[in-house]
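Novice: 3D model of this:
(one chain, ligands or ions: 1)
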Amino acid sequence: MSDPVLLDVRDGVAHLTLNRPGAGNPVSLEAAGALRDHARSLHGRDDVRAVILGADGPNFSVGGDLRYMHEAEETEAAVLALVEAFHDGVEALLALDAPLVTAVRGAAAGGGMSLAMIGDIVVASQTARFTMAYTQIGFSPDGGATWTLPRIVGWRRAAELMLLNERIDAAGALEMGLVTRVVDDEQLEAKAGEIAGKLASGSTPAFGAVRRLLRASATNSLTDQLAAEAPSISRLAASPDGREGVSAFFEKRAPAFGR
Ligand SMILES: CC(C)(COP(=O)(O)OP(=O)(O)OC[C@H]1O[C@@H](n2cnc3c(N)ncnc32)[C@H](O)[C@@H]1OP(=O)(O)O)[C@@H](O)C(=O)NCCC(=O)NCCSC(=O)/C=C1/CC=CC=CO1
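Specialist: The predicted model follows:
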């Protein structure tokens, strides 16, 4: 059987593609493991300066593979194994300096929605529809959704998404701030590629610092955050990219980062 998640690196951008289109790209044990392994393989690669996580077919992902969970003999152990593989993949993506663009068409349900939400930039097509889905089958969320969603849309709306499981269409997702860009269905890959391409020509260490600082801000006090920002900016200012950025400013040219 083909790889449930494809990886292709070209022009500084790693393309991760969920590849079970006929089944709606469920997060199966195989898919979670493949996502984790591919994400880990990107670590230490200087040629990866942005990542796009998208999906083949009409749906981004219907979420955790309910058939696997339903048929498991030891349900708790089986679901834990699946969630741990899934979470290892999420952690591996979050640990990269390279920013993450998620590209969503069709359904992003349960773990599929959680996965879409870890993008730094989330692009949706007109067909996108999001639902937390978990509690309607008696589950609690995973994939970091109880962390990301309150920070993206606020506690009140996050609670509603997780308790009522309403389907949010692309316009609703844009209005709520779940996504920042909605494009025609046939434009989705091009728009995600355009954004990732722009990010890939930027300063990857600076983007990595932004990702870490933003996440740390969720639990840091302002004093702690100031203490984290100071060594970060000073280290980056003295780095090759920082020096190039400032030189380019004075020379009135575009900076050439990380080459
Ligand atoms: C909103 C839907 C995602 C899409 O609705 P619709 O387009 O109307 O399609 P359907 O007719 O409902 O479904 C098409 C077929 O796909 C099967 N299917 C749908 N979801 C799943 C799934 N999650 N696992 C397995 N199979 C699924 C569905 O049975 C249909 O098959 P048949 O044609 O053979 O009948 C809608 O489908 C929907 O609401 N789906 C359920 C969403 C859901 O509950 N997802 C799981 C939430 S829990 C979770 O995500 C948990 C984890 C745990 C572990 C690790 C990782 C992630 O998450």
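
Novice: Enumerate the residues of this protein near the ligand.
Specialist: Contacts of the chain with the ligand, taken as C-beta under 6 Å from any ligand atom, map to 24, 26-27, 62-67, 82-83, 86, 107, 109-111, 131, 133-134, 137, 139, 142-143. No exception for glycine: its C-beta is placed from N, CA and C like everyone else's.

Novice: roughly how far apart are the residue nearest to residue 96 when sequence neighbours are not counted and residue 120?
Specialist: Residue nearest to residue 96 in three dimensions, not counting chain neighbours: residue 42, with 6.0 Å by C-beta to C-beta, 6 or more residues apart in numbering. Using C-beta to C-beta, to the nearest Å, residue 42 is found at 15 Å from residue 120.

Novice: One more: residue 152?
Specialist: Shown here: residue 152 relative to residue 120, a distance of 11 Å by C-beta to C-beta.

Novice: what sits in contact with each of those two?
Specialist: Here residue 152 and residue 120 share no contacting residue, scored by C-beta atoms under 8 Å, 6 or more residues apart in numbering.

Novice: Find the nearest non-adjacent residue to the spatially most central residue of the chain, please.
Specialist: With distances taken as C-alpha atoms, centre = their mean, the residue of the chain nearest its centroid is residue 119 (2.8 Å). Nearest non-adjacent residue to residue 119, counting by C-beta to C-beta, 6+ apart: residue 102, 3.2 Å away.

Novice: now swap in residue 241 and tell me
Specialist: residue 203 (4.1 Å).

Novice: What number of residues are in the vicinity of that neighbour?
Specialist: 22 (other C-beta atoms under 10 Å).

Novice: Test my guess that it contacts residue 243.
Specialist: No. Residue 203 is not in contact with residue 243 according to C-beta atoms under 8 Å; the separation is 11.0 Å.

Novice: Need phi/psi at the residue nearest to residue 241.
Specialist: Main-chain torsions, residue 203, degrees, to the nearest 10: phi -90, psi 110.

Novice: Kindly state the pLDDT recorded for it?
Specialist: Looking at residue 203, its pLDDT stands at 98.

Novice: which residues touch it?
Specialist: 236, 241-242, 245, 255, 257-258.

Novice: Show me where the protein has its helices.
Specialist: For the chain, the helices defined by DSSP state H occupy 29-41, 66-71, 75-94, 111-117, 145-153, 155-164, 170-176, 188-200, 204-217, 222-237, 240-250.

Novice: Could you export the last one as PDB, CA atoms only?
Specialist: Extracted C-alpha coordinates of helix 240-250, given in PDB (Å, rounded to 0.1, in the frame of the first residue of the first chain):
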ATOM      1  CA  PRO A 240      24.600  35.700   9.600                       C
ATOM      2  CA  ASP A 241      20.900  36.400   8.800                       C
ATOM      3  CA  GLY A 242      20.700  39.300  11.200                       C
ATOM      4  CA  ARG A 243      23.900  40.900   9.800                       C
ATOM      5  CA  GLU A 244      22.700  40.300   6.200                       C
ATOM      6  CA  GLY A 245      19.300  41.800   7.000                       C
ATOM      7  CA  VAL A 246      20.700  45.000   8.300                       C
ATOM      8  CA  SER A 247      23.400  45.300   5.600                       C
ATOM      9  CA  ALA A 248      20.600  44.800   3.000                       C
ATOM     10  CA  PHE A 249      18.600  47.500   4.600                       C
ATOM     11  CA  PHE A 250      21.400  50.000   4.300                       C
END
